[in-house]
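# how would this look folded up:
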Amino acid sequence: MKDSLNVAVIGAGISGLLTARELLRENLRVTVFEKSDQIGGTWVYDDRVEVDGCHHLDPNRSIVHSSIYKSLRTNLPRPLMSFSDFSFEDKSYGDPRLFPGHEEVLKFVQDFANEFGVSEVIRFNSEVVRVESQGCGFVVEWRTTEGGLVEERFDAVVVCNGHHTEPQVASDVPEFCAERFNI
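Numbering: from 1, shown residues only. Predicted structure coming up:
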């Protein structure tokens, strides 16, 4: 039997956290790369997004990867935001209204990551700058906020950077390496 697969997950928003949880359930070795200093993806509020409103008039502004505004409430009720094995309705974050605010959603996401051990496999302040196919695996190049570049090899990579981040679509996806996965 071959060793457990080593999988990189890019992004610690809801998609990345759910992906990592399911990979961990399959007893795979998982590393989640998160370029910011916290989990939550789009649910992390940063007041810098409201500095120049929706028009982005300042070309020298720092880029903030969030579309959350201060008074945002979800358009989904708590029951629909729950997972089958982790209910939003069972959590108390101080606001009983049916449609939670972004602060509550972020706390729920953080609780989810802690409950399922996903927080333990996240590398914060680690931005993936390159993924390259190499043989039956991938080389992931990433850097920390301190600026050092690191290359690391993974058997698989899952990109979970969300639809609020500018995508870079791969033009050349390699053939699936079936022998590596015993298929």
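# residues contacting the lowest-mean-pLDDT helix or strand in the chain, please?
Comparing helices and strands within the chain by mean pLDDT, DSSP states H and E singles out helix 78-81 as the least confident, with a mean of 91. Where contact means Cβ atoms under 8 Å, 6 or more residues apart in numbering, the residues beyond helix 78-81 that reach it are 74, 88, 89, 98, 99, 100, 105, 108. For glycine as for every other residue, the C-beta is placed from the backbone atoms N, C-alpha and C.
# restricted to buried residues, select the residues you listed in PyMOL.
Those of the contacts of helix 78-81 that count as buried under 16 or more other Cβ atoms under 10 Å are selected in PyMOL with:
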select buried, resi 74+88+100+105+108
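# now do the strands in the chain.
6-10, 29-33, 122-123, 126-134, 137-144, 149-154, 156-159 (DSSP state E).
# the ones you listed into TSV, with extra columns for distance to residue 46 and mean pLDDT?
Shown next, in TSV, are those (distance: least, Cβ to Cβ, whole Å; pLDDT from 0 to 100):
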stretch	distance to residue 46	mean pLDDT
strand 6-10	20	98
strand 29-33	19	98
strand 122-123	19	98
strand 126-134	16	95
strand 137-144	20	96
strand 149-154	26	96
strand 156-159	22	96
